[in-house]
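K.L.:
pasting the sequence and the predicted coordinates here, then a few questions.
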Amino acid sequence: MIHKAKDLSPDEKLLIEHLLGRRVLEDEAISVRAFEPPALSEERRLEIARQLQQYFSELDASRKAGSPDQADEVITEAVRSVRRGYCPH
């Protein structure tokens, strides 16, 4: 079900803002979904973790080195893409 932010009670709005980590604007629509993650055996979970470690190791081995300033720029741009108006300093 989708709710309009302007129709939420103050307590509901406060809860949603707490979950999102930001203010909710009056013209926003809010939808909440709950789902159960798929059941994985411990063996399968460890296999997936191993495959991810291998994948990221291969990525790391093939990437070009960057400067700390370039890393800061990439992180800042990523944060700005999800938080408009973000300023790192």
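P.N.:
Everything's here; your move.
K.L.:
where does this structure dip in pLDDT?
P.N.:
89 (pLDDT under 70).
K.L.:
where do the helices of it begin and end?
P.N.:
With DSSP state H applied, the chain shows helices at 10-20, 42-62, 68-82, listed in chain order.
K.L.:
just those helices: most buried one?
P.N.:
Among those, judged by mean count of other CB atoms under 10 Å, the one packed with the most neighbours on average is helix 10-20 (a mean of 12). No exception for glycine: its C-beta is placed from N, CA and C like everyone else's.
K.L.:
distance between the ends of stretch 54-74?
P.N.:
One end of stretch 54-74 to the other measures 24 Å (CA to CA, to the nearest Å).
K.L.:
and of the helices of the chain, who's closest to P88?
P.N.:
helix 68-82 (5.1 Å; CB to CB).
K.L.:
check the offset of the closest one from the chain's centre.
P.N.:
Once both centres are worked out by CA atoms, centre = their mean, to the nearest Å, helix 68-82 turns out to sit 15 Å from its chain's centre.
K.L.:
make residue 1 into 26 and carry on from there
P.N.:
I'll keep to 26 as the first residue from here, and by that count the last item is helix 93-107.
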